[in-house]
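Novice: predicted model and sequence follow; I will ask about them next.
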Amino acid sequence: MIEILCAGALSTVQDAGRTSYRRFGVGTAGAMDQLALAIGNLLVGNSPGAAGIEVPVLPFRVRFLQAVDFAVSGADCLLELDAKPLLPCWKYRAHAGQILSLGRDGEGFSTGARSYLMVSGGIDVPPVLGSRSTQLRGQFGGYQGRALLDGDMLKTGSQDGTDPGPRDAKAEAGGAGFGVLAPDIALDANVFFAADPAASVAVTAVRVLPAAEYTNFNASSLDDFWKSGWKITAQSDRYGYRLAGPPLGLTVALETRSHGVVPGVIQVPPSGQPIIQMRDAQPSGGYPKIGSVIEADLWRLAQALAGSRLRFVQVNYPQAVAASKANQVYLEKVRDQIALYRSLNV
Amino acid sequence: MSEAGARVNSDLKDSDWRQIAEWLEDSDLACLEISGPGWQVRMLRQTGYRVQQMPLLRPSPASNVIASPDRDQALQVVAPHVGVFLDRHPQRALPMVQPGSRIRQGDIVCLLKVGQVLTPVVSPADGVVAHVWASPGEVVGYGKNLFEIREVQAVWK
Amino acid sequence: MQPAPDEPRVSLLGTTAMLFEAPGPMALELQRRIWALADQVTGWAHVQEAVPGMNNLMLVFDTPPEDVVPLADSLKLAWQQGEGLPYRRPEGKTIELPVVYGGNCGPHMAVVVEHTGLTVDEIVRIHTAPLYVVYALGSHPGYCYLGGMDPRIATPRRKVPVVNLPGGSVSIGGIQTGVSASDGPSGWSTIGKTQMNFFDPLRNPPAVLAPGDHVKFTVQRIDR
């Protein structure tokens, strides 16, 4: 059991997401940074899609009411267990009564925009339509279909073939835990873009495939789309990232019909300011779409802070598929190497 | 990866050996020694990996400590396995310890990177860090001296 | 490259999904073929879910195919082969929705009045006349996209979407009309309010209405 002492704002229980109900108007929800979710889960012995807590606003504090393995992945911040500093992306064992805090009053994330608290056994809330993710619009799934509040008590439980629980004294003595390389370090070698040295604010580059209405935008707008450092406005969240920059215009007015939409789709409403659909976006919509952020880079978007800038990099389909494969290879290595480390480290 | 002609007696499966070979590729190591209860194996990288069964070395009771015979009241903390020596976590600016740092038994003094995994090297004693023998990014083998600790107060058995 | 006007268009949504759009003006006959296509592709390799839209179909991938061209070609072929085939989806049920039009329940009625040049009474009469068909669900849990709205009351989507529209809002967006099933943002113009439970996540299926069902709006009252 975990007691929420300081819920921050907009902290929600999320897992890998709710698939196969889009045709009923139910979007996927799920962790914005699917890599952080998977890594945190693998560290504590869960299956990669198990449910944890997504924390987008600091400070955030919980009390462990029972001994449990835990890890904090995703964005980095001041991490403390009973005031002892912790490492990120690291498996620890908490004892009953210990307090974990992420961040301090007045201090935000040092890098990234969302942290994930994962515990062995996962967060035990009832699955709804096959997932433990929180569906905010409609108020179901996750913890009572809403963001967490101070005083909430969350059960942790065995799910999906995870670690059985307390271990023997010898393993306890090896209680220094272990960690893994975070994606932004491990995946860097394959990345062909970097922070813009000319920018004063951090720039995140993400790869984009053009969408159906791409050719309906005028030439100078297409140029602006690829060249601009788009500002992620404060009105950006799990529904969508609203960007500020040069207005994008169509060559002729379009009224597209409502069609299915997935996370990453970049819509351009009449204002000309793009909105990137995120995990809680409507599963369908009708604004013209200029492109779609590739699935492999959605985690980078998730870790881009409001106020920072985005740059879009054009790729083709085979390159986008290769990028997804690179993520998969990384996760498989993490999974296999953690398993081997555990088996050798008795 | 190629296999040695002789059968390897160990607790590890073939798939484990393949995984270890991948670790080696990730880290550009030329040689890796691994031991378990009653066995020790060396893997050499040539055109593939040759696996050699080695005669067993007797490990010390706490596998990451060797008491130096020539320095009184000093402890050498050694690498418990092969890896890349890191003096700090990749997401942290400051080294975990430096010469002069006062440390306690159980503190993590450095990390070893093996593929994607970061493993802790833990101090067996209370004391003061006197020397750091390895440099960040250096590939260290099993038993390599990493730290010298003086003013030793308590030692793990 | 734009396809010829009488050919369907296939495009990608990143590596996550493929979008198939039927050509020509919006039509119920095309929507029936979309339902048939959805039934047909469910179960194809790489297809996690087939999601009908308004005269279009989104195929969400479980894993993206190495090459999308064969899948796109198969889709177009299946579409062609469906032409003229009668599609036997049960006609489904009809529900009546009493609506309070205008006033506080229809905060954007004035927008529709201004765009169309019609009076509130005319707009209400035109909106309540048809027996609407549920074309598809989407947007949010239980929300139905309805076909059959008279184009005389079509009103473009809002330049700036509304942040929080209450559940039960009856709205017009472009040439479409619909009823929101829960509170949330919307880019459509709201002309009235109704009460109905459209979605229960513990039910199977969770949505009350399905493609092929019918909806009739009736006038509960008109507020000015």
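Specialist: Cool, got the structure. Here the structure is a predicted model, which is why all the values come from computation and not from measurement.
Novice: which residue ranges form the helices in chain B?
Specialist: Counting by DSSP state H, chain B has helices at residues B:14-27.
Novice: what about the strands in it?
Specialist: Ranges of strands in chain B, per DSSP state E, are B:31-36, B:39-45, B:49-54, B:65-67, B:74-78, B:83-86, B:102-103, B:108-114, B:117-122, B:125-132, B:139-140, B:145-155.
Novice: among these, which gets the worst mean confidence?
Specialist: Of all the strands of chain B, the minimum mean pLDDT falls on strand B:49-54 (a mean of 42).
Novice: what does stretch A:95-105 contact?
Specialist: For stretch A:95-105, contacts defined as Cβ atoms under 8 Å, 6 or more residues apart in numbering or on different chains pick out A:5-6, A:55, A:58-67, A:70, A:72, A:77-82, A:86, A:94, A:109, A:115, A:117. Glycine gets a C-beta too; all of them are placed from N, C-alpha and C.
Novice: around chain C, pick out the residues from the stretch 1-150 of chain A.
Specialist: A:19-27, A:128-129, A:135, A:137-141 (Cβ under 8 Å from any Cβ of the partner chain).
Novice: buried among those? Need that as a selection in ChimeraX.
Specialist: Selection of buried members from those for ChimeraX, criterion 16 or more other Cβ atoms under 10 Å in any protein chain shown:
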select /A:19,20,21,22,23,24,25,26,27,128,129,135,137,138,140,141
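Novice: OK, contacts around the most centrally placed residue in chain C?
Specialist: When Cα atoms, centre = their mean is applied to chain C, the residue found nearest the centroid is C:Tyr145 (2.5 Å). By Cβ under 8 Å, 6+ apart, the contact set of C:Tyr145 is A:258, A:284, C:53-54, C:134-139, C:176, C:178.
Novice: how about 10 Å then?
Specialist: A:25, A:257-258, A:284, A:286, C:31, C:52-54, C:132-139, C:173, C:176-178, C:211 (Cβ atoms under 10 Å, 6 or more residues apart in numbering or on different chains).
Novice: hey, where'd the strands end up in chain C?
Specialist: For chain C, applying DSSP E gives strands covering C:9-13, C:17-21, C:47-52, C:56-61, C:94-102, C:132-137, C:144-147, C:162-165, C:169-173, C:176-179, C:184-186, C:189-193, C:214-223.
Novice: including mean pLDDT, could the ones you listed go into CSV?
Specialist: Listed next are the strands of chain C as CSV, based on pLDDT from 0 to 100:
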stretch, mean pLDDT
strand C:9-13, 97
strand C:17-21, 97
strand C:47-52, 97
strand C:56-61, 98
strand C:94-102, 96
strand C:132-137, 94
strand C:144-147, 91
strand C:162-165, 84
strand C:169-173, 93
strand C:176-179, 90
strand C:184-186, 83
strand C:189-193, 96
strand C:214-223, 96
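Novice: need these in TSV (columns: distance to B:Leu111).
Specialist: As requested, the strands of chain C are exported to TSV (distance: least, Cβ to Cβ, whole Å):
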stretch	distance to B:Leu111
strand C:9-13	41
strand C:17-21	41
strand C:47-52	40
strand C:56-61	38
strand C:94-102	63
strand C:132-137	51
strand C:144-147	55
strand C:162-165	47
strand C:169-173	55
strand C:176-179	56
strand C:184-186	46
strand C:189-193	58
strand C:214-223	63
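Novice: which bits of chain C sit near chain B?
Specialist: Contact residues, chain C versus chain B (Cβ under 10 Å from any Cβ of the partner chain): none.
Novice: about what we covered before: what's the ChimeraX line that selects buried ones from the contacts of stretch A:95-105?
Specialist: For the buried members of the contacts of stretch A:95-105, the matching ChimeraX selection, counting by 16+ other Cβ under 10 Å, is:
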select /A:5,6,55,58,59,60,61,62,63,64,65,67,70,72,77,78,79,80,81,86,94,109,115,117
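Novice: now do the lengthiest helix in chain A against strand C:9-13, angle only.
Specialist: For chain A, the longest helix by residue count, based on DSSP H, is helix A:317-344. Relative orientation of helix A:317-344 versus strand C:9-13 (axes from the mean of the first three to the mean of the last three Cα atoms, to 10 degrees): 40 degrees.
Novice: return the list of helices and strands in contact with helix A:317-344.
Specialist: Counting contacts by 3 or more Cβ pairs under 10 Å, 6 or more residues apart in numbering or on different chains; DSSP states H and E, helix A:317-344 packs against helix A:34-43, strand A:178-180, helix A:183-186, strand A:203-210, helix B:14-27, strand B:31-36, strand B:108-114, strand B:117-122.
Novice: okay, those, which one's buried deepest?
Specialist: Of all the helices and strands packed on helix A:317-344, helix A:34-43 carries the top mean neighbour count, a mean of 27, counting by mean count of other Cβ atoms under 10 Å in any protein chain shown.
Novice: just the angle between that helix and helix A:317-344, please?
Specialist: Using the same axes, to 10 degrees, one finds that helix A:34-43 and helix A:317-344 are set 20 degrees apart in direction.
Novice: give the rounded mean pLDDT of helix A:34-43.
Specialist: Model confidence over helix A:34-43, given as mean pLDDT, is 97.
Novice: gap between that helix and the chain center?
Specialist: With Cα atoms, centre = their mean, to the nearest Å as the basis, helix A:34-43 stands 10 Å off its chain's centre.
Novice: that older thread, buried ones in the longest helix of chain A?
Specialist: Across helix A:317-344, burial judged by 16+ other Cβ under 10 Å covers A:317, A:319-321, A:323-324, A:326-327, A:330-331, A:333-338, A:340-341, A:344.
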